[in-house]
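>>> sequence below, structure please.
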Amino acid sequence: MSSETELLRQLFNIAVAAVHPSQCLPSHLPPPPAGRTVVCAAGKAAASMARVVEQHWPDQLSGLAVTRYGHAAECQHIEILEAAHPVPDSTGLVAAQRMIELVNPLGEEDLVLTLISGGGSALLVLPAPGISLDDKQQINRALLLSGANIQEMNCVRKHLSAIKGGRFAAHCAPASTISLMISDVPGDDPSTIASGPTVADPSTRHEALNILARYGVSVSPSVKAHLESERSETPKPGDPLFARVSNTIIANATMAVHAAAAHAQQIGITPVIIGDDLQGEARELGGIHARRVLADRKSRPILYLSGGETTVTVSGKGRGGRNVEYLLGLAVELDGAPDIFAIAADTDGIDGSEDNAGAFITPTTLARAQAKSLDPKAHLENNDAYSFFAQLGDLVVTGPTLTNVNDLRAIICGRLNNQRDMRC
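Modelled structure (predicted):
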């Protein structure tokens, strides 16, 4: 591993550490209530958030957390369930039903502490009456392949749910509800994070219908009838049911990107933050960033940083993920330009549904690919960037990080000249 790729990996680790629940959650904990405290957590960071609450809570508590398979953390008083992501399964359904059973008996002196992180939309699933889990699974799969962004996907999810789009807050009343959120969505809209189970929803059922039509997603007659009915509408801003609800974002991509930038600055590398909420087609964004870097080259090393969440419109049959697709688009556009290195990886440790967080590219990426008879453009066309980087040995594998503020992308333009550039 070159000193440049080693530094890129260090920067990723620093960014992830800055948004881990152990760092960002304790200072946001409220004082214990006069009554009971029930913790309800959902998302890829749910179990680690629950563990941090247990470590810092001065009173008794109980509760339930649902997280992705492989993302569990040991807790003493909060039960942990693992469920499927990104397509929901029956365990996510059981978790949602049990959380409602936990909060329904609570009174005005009690507190529901909800811990929300990315992935909660799939992990906490409770279809609206008349909608089946199979309906939700089929729509999720279709939207994931369509290129729809997270805001669009969650708009549809909220209007097909009995728990998302602020509906969980209605079950918590009259208890106070404090929701602490790790944001994985560009723009940090609380109503979009895990489809906002405790947040008033400004989107409408008409928008949900338009999104399904825009991406050509076919639905069952029962789903269509539900979305055409007033009963599918979510609680809106100003609804009195939110009078005792607070929602606070405790970590986001901005924190991760700025942590990486601060380290670069400390070791004498100029950081340039392109943006922390970038969206768009992954391969196209890779091309845009390549052209920017090539047009802005300097004699000294510069670090270009960005965060956010891209999309991939799947037309091929390969193995991919938005970060590796971004990198392959970047590599193709750079066309072997010297002294440019990059990493793109998901802060949760999982790029899409594969076992990697992301990958690296180096100035030799295309040459090494040619030596192995790998055609980067063909792999890109087949949405097969994972296989491309796997054969080069350039995947970044971290395992679950137990946090999630979406993607970190870092590009070093210029060689590191001395050991000062590598100090940690």
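
>>> please count neighbours and contacts with C-alpha atoms only from this point.
Noted.

>>> adjacent strands (with direction) for the longest strand anywhere in the chain?
Using DSSP state E to assign secondary structure, the strand with the most residues in the chain is strand 270-278. The sheet places strand 270-278 alongside strand 302-308 (parallel), with pairing taken from DSSP bridges.

>>> for the partner strand, give me every contacting residue.
Contacts of strand 302-308 with the rest of the structure, by CA atoms under 8 Å, 6 or more residues apart in numbering, involve 184-186, 253-254, 257, 261, 264, 269-279, 406-414.

>>> buried ones in the next helix or strand after the longest strand of the chain?
Under the assignment DSSP states H and E, the closest C-terminal helix or strand after strand 270-278 is helix 282-295. Using 16 or more other CA atoms under 10 Å as the burial criterion, the residues of helix 282-295 that qualify are A282, R283, E284, L285, G286, G287, H289, A290, V293.

>>> next one: stretch 128-145
Of all the residues in stretch 128-145, those buried under the rule 16+ other CA under 10 Å are A128, I131, L133, D135, K136, Q137, Q138, I139, N140, A142, L143, L144.

>>> and the last one, what element?
Remark: L144 resides in helix 133-146, with elements defined by DSSP H and E.

>>> tell me the average confidence for that helix?
Per-residue confidence for helix 133-146 averages out to 94 on the pLDDT scale.

>>> got the CA positions of that helix in PDB?
What follows is helix 133-146, C-alpha atoms only, in PDB (Å, rounded to 0.1, in the frame of the first residue of the first chain):
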ATOM      1  CA  LEU A 133     -45.000  -7.100   3.600                       C
ATOM      2  CA  ASP A 134     -44.600  -8.600   0.100                       C
ATOM      3  CA  ASP A 135     -45.900  -5.400  -1.400                       C
ATOM      4  CA  LYS A 136     -43.300  -3.400   0.600                       C
ATOM      5  CA  GLN A 137     -40.500  -5.700  -0.400                       C
ATOM      6  CA  GLN A 138     -41.300  -5.600  -4.100                       C
ATOM      7  CA  ILE A 139     -41.600  -1.800  -4.100                       C
ATOM      8  CA  ASN A 140     -38.300  -1.500  -2.200                       C
ATOM      9  CA  ARG A 141     -36.500  -3.700  -4.700                       C
ATOM     10  CA  ALA A 142     -37.900  -1.800  -7.700                       C
ATOM     11  CA  LEU A 143     -37.000   1.600  -6.200                       C
ATOM     12  CA  LEU A 144     -33.500   0.500  -5.300                       C
ATOM     13  CA  LEU A 145     -32.900  -0.500  -8.900                       C
ATOM     14  CA  SER A 146     -34.600   2.600 -10.400                       C
END
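
>>> check the offset of the longest strand of the chain from the chain's centre.
Strand 270-278 sits 18 Å away from the centroid of its parent chain (CA atoms, centre = their mean, to the nearest Å).

>>> tell me what angle it forms with helix 282-295.
Here strand 270-278 runs at an angle of 160 degrees relative to helix 282-295 (axes from the mean of the first three to the mean of the last three CA atoms, to 10 degrees).

>>> contacts for strand 270-278?
Under the contact criterion CA under 8 Å, 6+ apart, strand 270-278 has outside partners 185-187, 253-254, 257, 261, 264-265, 301-310.

>>> switch the cut-off to 10 Å
Contacts of strand 270-278 with the rest of the structure, by CA atoms under 10 Å, 6 or more residues apart in numbering, involve 184-188, 252-258, 260-265, 285, 289, 292, 300-310, 406-412.

>>> just the buried ones from the residues you listed, in ChimeraX syntax?
Burial among those is assessed by 16+ other CA under 10 Å; the matching ChimeraX selection reads:
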select :184,185,186,188,252,253,254,255,256,257,258,260,261,262,263,264,285,289,301,302,303,304,305,306,307,308,309,310,406,407,408,409,410,411,412
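
>>> which residues does L133 contact?
By CA under 10 Å, 6+ apart, the contact set of L133 is P88, D89, S90, L93, V125, L126, P127, I139.

>>> kindly recompute the last result at 7 Å.
Contacts for L133 (CA atoms under 7 Å, 6 or more residues apart in numbering) come out as P127.

>>> what do you get for L334?
With contact taken as CA under 7 Å, 6+ apart, L334 is in contact with A290.

>>> what's the distance between it and A122?
For L334, the distance to A122 (CA to CA, to the nearest Å) stands at 36 Å.

>>> where do the strands of the stretch 251-400 of the chain begin and end?
Using DSSP state E, counting those that start in this stretch, the strands of the stretch 251-400 of the chain run over residues 270-278, 302-308, 340-346, 358-361, 395-396.
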